[in-house]
Structures are given as C-alpha cells and as structure tokens.
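K.L.:
Quick one, fold the following:
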Amino acid sequence: MCEGKSEQNPDRDPDGNHGGDHDATETGCFRPGDTFAGFLTGDRERDRRNVDILLDTIAEVNRTRDLETLLVSVVDRTLRFTMAERGILMLYDFAGKLHIHVARDNCGNFLDHHLDYSRPVPNQVLEDGKAVCMTSTASENRISLTQSSQHLGLLTVMCAPLSVQGRVIGVLYVDSSARSRKFTDGDFSLFKALSYQLAIAIENARMARKESGLSLARDLQRSLMPTEAVALPGFDIHGLSRMCDEVGGDYFDYIRHKEGRLGLVVGDVSGHGFVAALLMATGRALLRAYASTESDPARVVTLLNRELARDLATDQFMTIFYGDLDLERRSIRYATAGHCDPILLRGTSGNIETLAGRGMGLGFDRNYTYSDFGPVSLRKGDVLLIYTDGIPEARNPQGGFFGMERVHEILAERHDTARALVEQLVSEVSEFSGGTGYADDLTVIAVRVTE
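P.N.:
Numbers count the residues shown, from 1 in each chain. Got it, this is the predicted structure:
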C-alpha cells in the first residue's frame, strides 16, 4: 500500500497516519510549488536520497540535448528509486492516440511495446488528470480499478500524467509483482515530481524541434526570395515580402529568360507557418521548371495547377500571378490564378488601370485551363504594382480595411524609385494596422518604366 501521508484518504488521523492497514488507491496532482514538500519524510537519509534524485533529474533535463536518451534515463531512474519491476512511458502521437514510447525493466532492458500492463490505470489517470498509487492483494477478489492488475499478478502500480500548462501529453507508469515492495507516500510524491520534470523535458524538446524546423523553413524561404533589385535597362523593379508569422506562404520571384524576357511572380499560399512555407517552396520550384520550357504564361500556370492539385489537401490552395515581361517590346503578358488584380499607373495621364483576368486558384480543379491576357503595352513613366491580398485586406484595431483606395492614393504619388513606393506602401499598412504586426502575409512588386 501507499504508506504515510496521502492527498486523499478519509481514514487518516490528525498526525497524518493511516487509520488502518489496508489496500488503497490514492490520487493527487503534482504542483510545481510542491517540489520538495511532498516527499520530505523527516528521515534524513531518505530525504537526502529523494532530493538528490530530483536535483539530478532536473540537471539532466537541462543538459541533455537528445530527447530519446533523456526519456530512457528518466524511466530507468524512476525504476531505481521506486524499485519497481517495469517502467513505461506513454505519449500521445500526432493523431491523438496514446502509445508506448519507452518500456524498460529494472535490469535496464528494453521491453516489447506490445507487453501487457494494467490499461485501466493510465486510462483513469488520463480521464481524471491525477496521479494514482494503488496496491492490490492477490488473494482478494476485488472488482475495481485493480482488476486487470490482479489478472497480471501485479501488486503495486503508480501512474502519473505528464502535464504541461494544463495539457496532458502522456503518462509515466511503473508496476511490480513483488510482495516485498510497497510504494510509500514519499515515493508517490517523488514519482509525481519526476513526472512533472519529464513533461517539461518533452515539451522543451518538442518546442526546440519546432523552432529548429521553423528556423530551417525561415532560412529556406529567405534563400528563395530575391535579395537584390533587378537591374535592367529601361526598368526599375523592386519587391518585398513581410510575414505575419516567422515563416509564411507569400513569395515573389524574378525569372530571367534568355530571349530578353523577365518572369514576374507573386504567389500566396493559404494559411501561414511551416506548411505554407513548404508549399510555397514547392510551387516556386515547379513554376521555375515549367517556365524554363514554356513561354506561354497560361501554359505555365496550367501545368503548375495540374501538379499541385494532385497533392494539395482539400483545405489548401494557392493563388499566383505570373507575368512575362518583354524587355524589348515594353509589354507584359500574364496569367493569374485566383490572385489579386495588379494595377497599372499610366505616367502620362495619371490614370490607374486594373489588369483584370482572374482565373481559378491553384489546387481546386486539376483539369482547369488558364488563359493568357495581354500583351499590355508599357510606356515611360508607367508603374505596375503586383501584390497579395495582405495589403488591401489589412485591418486596423477597429476592424476597418486598408482598402484599394489607399493603395491607389499611394501609387499616384509618383515615387522616384520602385523601392520608395514599395517601402511607403508597406510602412503605411503597418501604421494602419496599429504597428503591432500583420494579420496576414503581404508581398508586393513594383515595376517602373524609366525609358
């Protein structure tokens, strides 16, 4: 039985002793502030051992970089101090299913993950969110939480939830069939403390892994974006992309062709974060491959859609503008897939035209065929603005939209450089949004005709 002080035991006298010698099932939640209080028994040697075990575990959690090594070590450490026969660490997978992650015996051997254990115990722990310490006497025929334990010949079991910020990520479980081993309340408290430290270690490792993945995606995304303005006779071109998360789904690109043409690309993947960034990188690679063999923008976008529609999830899609800028003829042909209509400021009249021709977003219909639009003639003083919806749909703290009217006003100010136009536009969107960041990714390319 779990001897000594218990967190829930009606048969306890004021001095903290059990009112009788009987089988018990005890439950309790470990709180970080109770780290030492629960297992300090007054026995100097035992208390020193318990404190050393916990401090060593905390130190190991902080210094061990390899999560799998740490998990095995903590399970082994738990077996040593409880003198239990088996220790099992169970974690939820990405599908929300609990499975055995580590199973060890007290000789340091790995156990088969299909081993039998008292399944109702972790189920109850997960349901209640509380640790349990229970014993059963093999000679008794009790119908309770211990029924499966008795069937397996188990006499003592402890199980604790692995909780981080109120979220249960798994359980730590130990059991024994030895009659000579009785878990004390000090054992129980230390067991919960170790479970708490183990949960922190797992969560920290997962966060580090996520951060590493985000860092990798962020570096990948940055490496794929143009870092310098395009220097072409007769044109001043500048692009910029700002993400609302560490990584996002917007991108822009310049694709140089040998025949005196330049591909202009602005894309927007649904959603944000790691998945959107990877989809963006895939779309960019495919588009570049098709653009290297196809001169027709509609053909390029049609091929891109056929490939992406094969693999995109039902809730994923991508919008894109692909323009083929003819540097000699000063004109642009383009195809668009569900993207915002670019706008063109005419330098001579000051009028702003919309380059209409929106097609279906990528990924919805694999058999959709896109159309070419243009060529649209470009003259000295004209400014073409290609952008994502993160600009006109930016919101202020009151919920109002930035809107296309403001975009038109900024474009009409006739900036000296494409860079100045882009930077003012992005700056005003940020100021409009309250200076607290962006609710959506935003990307823009400005093309000024200088000759």
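K.L.:
which regions of the stretch 251-400 of the chain lie under the pLDDT threshold?
P.N.:
In the predicted model of the stretch 251-400 of the chain, residues 272-274 satisfy pLDDT under 70.
K.L.:
Which parts of it are strands?
P.N.:
Counting by DSSP state E, counting those that start in this stretch, the stretch 251-400 of the chain has these strands, from start to end: 261-269, 318-326, 331-337, 343-345, 352-354, 358-359, 373-377, 383-387.
K.L.:
in its sheet, what does the fifth one sit against?
P.N.:
Strand 352-354 has these partner strands in its sheet, going by DSSP bridges: strand 343-345 (antiparallel).
K.L.:
Ok, the last one next?
P.N.:
Using DSSP bridges, the strands paired with strand 383-387 in its sheet are strand 343-345 (antiparallel), strand 442-449 (antiparallel).
K.L.:
Pick the most deeply packed of these.
P.N.:
Per-stretch averages of neighbours, counted by mean count of other C-beta atoms under 10 Å, single out strand 442-449 among the strands paired with strand 383-387, with a mean of 25. To be clear about C-beta, it is placed using only N, CA and C from the backbone, and glycine gets the same treatment.
K.L.:
What mean pLDDT does that strand get?
P.N.:
Regarding strand 442-449, the rounded mean pLDDT is 94.
K.L.:
That one vs strand 331-337, what angle?
P.N.:
Orientation check (axes from the mean of the first three to the mean of the last three C-alpha atoms, to 10 degrees): strand 442-449 against strand 331-337 gives 160 degrees.
K.L.:
Dump strand 442-449 to PDB, restricted to CA.
P.N.:
C-alpha atoms of strand 442-449 as PDB (Å, rounded to 0.1, in the frame of the first residue of the first chain):
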ATOM      1  CA  LEU A 442       2.000  40.700 -47.500                       C
ATOM      2  CA  THR A 443       4.100  40.800 -50.700                       C
ATOM      3  CA  VAL A 444       4.500  43.400 -53.500                       C
ATOM      4  CA  ILE A 445       6.500  44.000 -56.600                       C
ATOM      5  CA  ALA A 446       6.700  47.500 -58.200                       C
ATOM      6  CA  VAL A 447       7.800  47.900 -61.800                       C
ATOM      7  CA  ARG A 448       8.700  51.400 -63.000                       C
ATOM      8  CA  VAL A 449       9.300  52.000 -66.700                       C
END
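K.L.:
returning to that earlier point: for residue 364, find the nearest of the strands paired with strand 383-387.
P.N.:
Between residue 364 and those, the shortest gap by C-beta to C-beta is with strand 442-449, which sits at 21.4 Å.
K.L.:
before we move on, the earlier item: of the strands paired with strand 383-387, which approaches residue 404 most closely?
P.N.:
Relative to residue 404, the nearest member of the strands paired with strand 383-387 by C-beta to C-beta is strand 343-345, separated by 7.9 Å.
K.L.:
neighbouring contacts of the closest one?
P.N.:
The contact list for strand 343-345, computed with C-beta atoms under 8 Å, 6 or more residues apart in numbering, reads 351-355, 376, 378, 382-385, 404, 407-408, 411-412, 414.
K.L.:
Buried subset of those as a PyMOL selection?
P.N.:
What follows is the PyMOL syntax for the buried subset of the contacts of strand 343-345, where burial is set by 16 or more other C-beta atoms under 10 Å:
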select buried, resi 352+355+376+378+382+383+384+385+404+407+411
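K.L.:
quick revisit: got the strands paired with strand 383-387 as JSON lines, with distance to residue 332 columns?
P.N.:
As requested, the strands paired with strand 383-387 are exported to JSON lines (distance: least, C-beta to C-beta, whole Å):
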{"stretch": "strand 343-345", "distance to residue 332": "9"}
{"stretch": "strand 442-449", "distance to residue 332": "8"}
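K.L.:
coming back round to it: tabulate the strands of the stretch 251-400 of the chain (TSV), appending distance to residue 135.
P.N.:
TSV is the format used below for those (distance: least, C-beta to C-beta, whole Å):
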stretch	distance to residue 135
strand 261-269	56
strand 318-326	59
strand 331-337	66
strand 343-345	76
strand 352-354	77
strand 358-359	70
strand 373-377	78
strand 383-387	68
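K.L.:
out of those, nearest to residue 85?
P.N.:
Ranking the strands of the stretch 251-400 of the chain by distance to residue 85, with C-beta to C-beta as the measure, places strand 261-269 first at 52.0 Å.
K.L.:
what about the spatially closest residue to residue 157 that is not a sequence neighbour, distance to residue 107?
P.N.:
With C-beta to C-beta, 6 or more residues apart in numbering as the criterion, residue 157 has its nearest non-adjacent residue at 4.5 Å, and that residue is residue 175. With distances taken as C-beta to C-beta, to the nearest Å, residue 175 is found 15 Å from residue 107.
K.L.:
pLDDT at the residue nearest to residue 157, what is it?
P.N.:
According to the prediction, residue 175 has pLDDT 88.
K.L.:
same deal with residue 129?
P.N.:
Looking at residue 129 specifically, the model assigns a pLDDT of 87.
K.L.:
Any buried residues in stretch 102-122, and which?
P.N.:
Across stretch 102-122, burial judged by 16+ other C-beta under 10 Å covers 102-104, 106, 117-118, 120-122.
K.L.:
again but with stretch 80-100, I slipped
P.N.:
Buried residues in stretch 80-100 (16+ other C-beta under 10 Å): 81-92, 98, 100.
K.L.:
any idea how far the spatially closest residue to residue 115 that is not a sequence neighbour lies from residue 383?
P.N.:
Spatial nearest neighbour of residue 115, excluding adjacent residues (C-beta to C-beta, 6+ apart): residue 103 at 6.1 Å. Between residue 103 and residue 383 the computed distance is 66 Å (C-beta to C-beta).
K.L.:
follow-up on the earlier one: figure out the helix or strand that the residue nearest to residue 157 lives in.
P.N.:
Residue 175 belongs to strand 167-176 when elements are defined using DSSP states H and E.
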